[in-house]
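In: Following is a predicted model, sequence given first.
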Amino acid sequence: MEPTTNLYILLILLLNVGVIWGSVVLRKKITEGFKALVTRAVTFIVILVIGGVSIHIILQFFDINLLEIIDVELFRIGKNIPITGFLVAFLVFTITFLIVINRFLSKAFTQSKGINSIPQKMTKLARRWVSFLAFLILMRGLVGFTDHSFQFFTITLFTIQNVAITIGKILQVLFIAYTVHTAIMVLEIFFDRRIYRTGIDAGKGHTVFLIVKYFAWVIAITVIIGSLGISVTVLLAGSAALFVGLGFGVQSLFNDFVSGLMILFEGTIRVNDVVELENGIVGKVQEIGLRTSKVLNRDSIIIIIPNNNFVGKNVINWTYNEHKTRFKVNVGVAYGSDVRLVEKLLIESALEHDKVHKQPEPVVHFIEFGDSSLNFSVFFWIDESFWVEKIRSDIRFTINDKFATHNIQIPFPQRDLHLRSGFESISTQKSEE
């Protein structure tokens, strides 16, 4: 070995020692905050790059090709999947690199002042997306730098329309799908914050978001199929007969899907609306899906209802036009009671409840002269229509207390029995005994 070569090798080793020593000094000086995280990440990458380049240069001095040494088939998975030393080294390096990136991003998100306000769900999605993107960039960059083709990623799994679906294409599809999923989650968080700040109706905002979400997924699926090299037109034409057969078999299922689209576009039912179905179910709409919707009843039970029940049947939407809804409480008083006093007490009972609107003011209707009572109804307006039964119960308690204070009786049904015949024979029989 020539002295010049020895000198070069010595300089390269000194360079690596200097870089490592400098990184250690920087880490000791910068130990807190976001700067420390950046310093550690940068020094790690610099050491990794310089170390790799140094090994490559030193091996060239000895006419050793590292790729030829490690690119040896170790074993096979099945018949068509060779596992080489280069692939194993690449995967080990990639996993280590991704772990470092995840730790860096995790600490960056938790220690940075401005990022603390971002929801944890969003930061977790961002970390995973960045890690996935880093893996793809690393794979493509290393292939280009080493001029080496990964046979593992070019292995054909199956074929569609003479298009080979490889492991690399599957990774590409997964990345596109996860990117769309991440973007939709970020958009949902933005929508929720925007609705909360501006005071926009939550139901309308959620409906708009669902339409955008489904539209984005339709575009994403079209792009994914096109990126694989599959003709969407040919695929749909070839599946037409299958769709016709499925249409007859799952007609109700498609009916629910179409009903879901109609609900979203028409906006007749929105999230947080209080609805009453034909079967008597009363609940608050929690979620509107394409096939089914989730309704929360007054017992805090989630009921999953097919969407055709909202479109093909009569549905009462208590909060369609506005959240203010009118309800009533019926009561009967004994004949001879002061009806004007009854009217006054009923209005006072409704107004004393904190959930009842003062404007418009509650009103009392004298309904009818009943068989054993004078029947009244007190009408009132509330926003909390979902919990109206609790409000009605409170008002009935108040009415009962006020009636007791003012000696107003609530009668029970009474019947007078008149004997027109047979009474005389009964009396004669008793006297003879």
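Out: Received, thanks.
In: Quick one: mean pLDDT over the host helix or strand of Phe380.
Out: Phe380 belongs to strand 374-382 when assigned by DSSP states H and E. The pLDDT scores in strand 374-382 average 94.
In: following it, which helix or strand shows up next?
Out: helix 388-405.
In: what angle sits between the strand holding Phe380 and helix 388-405?
Out: Angle, strand 374-382 to helix 388-405, by axes from the mean of the first three to the mean of the last three CA atoms, to 10 degrees: 130 degrees.
In: can you pull out the helices in the stretch 101-250 of the chain?
Out: Under the criterion DSSP state H, counting those that start in this stretch, helices of the stretch 101-250 of the chain are mapped to 120-146, 167-198, 202-227, 232-238, 240-249.
In: for the third one, packing partners?
Out: It stands for helix 202-227. Counting contacts by 3 or more CB pairs under 8 Å, 6 or more residues apart in numbering; DSSP states H and E, helix 202-227 is packed against helix 167-198, helix 232-238, helix 251-266, strand 282-288. For every residue, glycine as well, the C-beta is placed using N, CA and C.
In: what about those, which gets the closest to Ala220?
Out: Of all the helices and strands packed on helix 202-227, helix 167-198 sits nearest to Ala220, with 4.2 Å by CB to CB.
In: Sketch out the low-pLDDT regions of the stretch 151-300 of the chain for me.
Out: By pLDDT under 70, the low-scoring segments of the stretch 151-300 of the chain are 151-155, 160-161, 194-207, 231-252.
In: mind redoing it with 80?
Out: Where the stretch 151-300 of the chain drops to pLDDT under 80, the residues are 151-169, 171, 186-212, 214, 224-258, 260-261, 264-268, 290.
In: circling back: most tightly packed of the helices and strands packed on helix 202-227?
Out: Scoring the helices and strands packed on helix 202-227 by mean neighbour count under mean count of other CB atoms under 10 Å gives strand 282-288 as the most buried, with a mean of 19.
In: List the pairing partners of that strand within its sheet, with orientation.
Out: Strand 282-288 pairs in its sheet with strand 274-276 (antiparallel), strand 292-297 (antiparallel), by DSSP bridges.
In: With Phe257 as the reference, name the closest of these.
Out: When the strands paired with strand 282-288 are compared by CB to CB, strand 292-297 sits nearest Phe257, at 10.1 Å.
In: And the contacts of whichever helix or strand comes after that closest one?
Out: Next along the chain after strand 292-297, taking DSSP H and E as the criterion, comes strand 302-306. Contact partners of strand 302-306, identified using CB atoms under 8 Å, 6 or more residues apart in numbering, comprise 252, 256, 259, 277, 281, 283, 286, 291-297.
In: Any idea which of the strands paired with strand 282-288 gets closest to Val364?
Out: For Val364, the closest of the strands paired with strand 282-288 is strand 274-276, at 25.1 Å, according to CB to CB.
In: I'd like the helices and strands packed on helix 202-227 as TSV, with distance to Ser106 appended.
Out: Formatted as TSV, the helices and strands packed on helix 202-227 follow (distance: least, CB to CB, whole Å):
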stretch	distance to Ser106
helix 167-198	17
helix 232-238	40
helix 251-266	37
strand 282-288	31
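In: Nearest approach to Ser349 belongs to which of these?
Out: Judged by CB to CB, the one of the helices and strands packed on helix 202-227 that comes nearest to Ser349 is strand 282-288, at 23.7 Å.
In: Give me the distance from the closest one to the chain's centre.
Out: 15 Å (CA atoms, centre = their mean, to the nearest Å).
In: do stretch 264-277 as well
Out: Between the centre of stretch 264-277 and the centre of its chain there are 18 Å (CA atoms, centre = their mean).
In: Just the buried residues of that stretch, please?
Out: Within stretch 264-277, the residues scored as buried using 16 or more other CB atoms under 10 Å are Leu264, Ile269, Arg270, Val271, Asn272, Asp273, Val274, Val275, Leu277.
In: just those residues now: which is nearest Val333?
Out: For the buried residues of stretch 264-277, the closest approach to Val333 (CB to CB) belongs to Val274, at 31.6 Å.
In: Which residue, other than its chain neighbours, is closest to the closest one?
Out: Trp318 (4.4 Å; CB to CB, 6 or more residues apart in numbering).
In: now swap in Glu188 and tell me
Out: Phe209 (6.1 Å).
In: Please tell me how far the one you found sits from Gly22.
Out: Separation of Phe209 from Gly22 (CB to CB, to the nearest Å): 50 Å.
In: If you count surrounding residues, which of these two has more?
Out: Neighbour tally, Phe209 and Gly22, criterion other CB atoms under 10 Å: the higher count belongs to Phe209, 18 against 13.
In: Return the residues in contact with that one.
Out: Residues counted as contacts of Phe209 (CB under 8 Å, 6+ apart) are Leu187, Glu188, Phe191.
In: Tabulate the residues you listed (CSV), appending distance to Ile101.
Out: Shown next, in CSV, are these (distance: CB to CB, whole Å):
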residue, distance to Ile101
Leu187, 24
Glu188, 25
Phe191, 29
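In: Out of these, the closest to Val46 would be?
Out: Comparing the contacts of Phe209 against Val46 with CB to CB places Leu187 closest, at 36.9 Å.
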